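Enquirer: Quick one: sequence and predicted model below, then my questions.
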Amino acid sequence: TLYKNKRCLFTWKFMELRDSSSELVLQHNTSSYTLINSVKDEVVKNIEERIAAWSFLPEENGEAMQILHYENGQKYEPHYDYFHDKVNQEYGGQRIATVLMYLSNVEKGGETVFPDSEAKASQVKDESWSDCAKKGYAVKTKKGDALLFFGLNLDTSQDPTSLHGSCPVIEGEKWSATKWIHVRDFDKRTTRSTDAGCIDEDKHCEQWAADGECDKNPVYMVGTKDAAGYCRKSCSVC
């Protein structure tokens, strides 16, 4: 366990995937990522309940779970999970925490790396780590493990040491699930009417739409008769 500023960055033996959850992930292998709503899946709902108990953050503060698939050479450049704009904070406020769940083992590479972590100098790495992982504090991808970290300090100021990325997969493939947690109830945005303006409310909307998520996840992307979706502009419905 690594404690920093009274917060903790640690791995936890989260869950051993069962056949049902494995099938849930694999059915979305036509794109590099997809979103899963806990309302529609009991397995995801149970996982989110455990996340809430572990993080001490309300379940309703979380976004829809995102499933990611990395093939050989694919990576996620270092980035922050907190927002730099106001639009994405309108509902649920700022992102405060992230939970990364590892759904598969990776033979080599694919580590989660924190380039600016103050603990990077204290972590000894051998040749089993990739060159990318050696550039910061890193966590290996191991099926059944989960990683919780915070992007905000206790005073809600942004923590620049939360910069993180996914190292390139060198051998094998990587499946993971991401859960972003906000400071307030994220689901309250569903109370909006369909009269909401023709806007995108997430910076990823354009890419999601290009990947076909408007058809795969219409409730989230487009909305229903009772509530507008988050990516109406990119889905060309207004």
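Expert: Yes, it's here.

Enquirer: Who does the residue nearest to the spatial centre of the chain form a beta bridge with?
Expert: Residue closest to the mean C-alpha point of the chain, counted by Cα atoms, centre = their mean, is T178 at 2.7 Å. Beta bridges link T178 to Q66, L100 when assigned by DSSP bridges.

Enquirer: Which residues are in contact with it?
Expert: Contacts for T178 were tallied using Cβ atoms under 8 Å, 6 or more residues apart in numbering; they are 65-66, 68, 98-101. Bear in mind the C-beta positions are built from the backbone N, C-alpha and C, glycine included.

Enquirer: and what of H164?
Expert: Under the criterion of Cβ under 8 Å, 6+ apart, the neighbours of H164 are 78-79, 81, 112-115, 149.

Enquirer: Throw those into a markdown table and include pLDDT and secondary structure, thanks.
Expert: Formatted as a markdown table, the contacts of H164 follow (pLDDT from 0 to 100; DSSP: H, G, I helix; E, B strand; the rest coil):
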| residue | pLDDT | secondary structure |
| --- | --- | --- |
| P78 | 94 | strand |
| H79 | 94 | strand |
| D81 | 95 | coil |
| T112 | 97 | strand |
| V113 | 98 | strand |
| F114 | 98 | strand |
| P115 | 98 | coil |
| F149 | 97 | strand |
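
Enquirer: mind checking the SS state of R50?
Expert: Classification of R50 by DSSP: H, G, I helix; E, B strand; the rest coil places it in helix.

Enquirer: Tell me where this protein has strands.
Expert: Assigned by DSSP state E, the strands in the chain fall at 2-4, 7-13, 33-36, 65-70, 76-79, 95-102, 108-109, 112-114, 137-139, 145-150, 164-166, 169-171, 174-182.

Enquirer: Between these, which has the poorest mean confidence score?
Expert: Mean pLDDT is lowest for strand 2-4 among the strands of the chain, at a mean of 30.

Enquirer: So which bits of stretch 62-72 are buried?
Expert: Neighbour-count burial for stretch 62-72, counted by 16 or more other Cβ atoms under 10 Å, picks out 62-70.

Enquirer: mind listing what V113 touches?
Expert: By Cβ under 8 Å, 6+ apart, V113 lies in contact with 78, 132-133, 135-139, 164-167.

Enquirer: can you rerun that using 6 Å?
Expert: By Cβ atoms under 6 Å, 6 or more residues apart in numbering, the contact set of V113 is 133, 136, 138, 165, 167.

Enquirer: Considering those, which possesses the most neighbours?
Expert: Neighbour counts for those (other Cβ atoms under 10 Å) peak at C167, which has 28 neighbours.

Enquirer: my read: that one touches S130, true?
Expert: Yes. Counting by Cβ atoms under 6 Å, C167 does reach S130; the two are 5.2 Å apart.

Enquirer: any common contacting residues for those two?
Expert: Contacts common to C167 and S130, judged by Cβ under 6 Å, 6+ apart, are G109.

Enquirer: OK, contacts around A138?
Expert: Counting by Cβ under 6 Å, 6+ apart, A138 makes contact with 111, 113.
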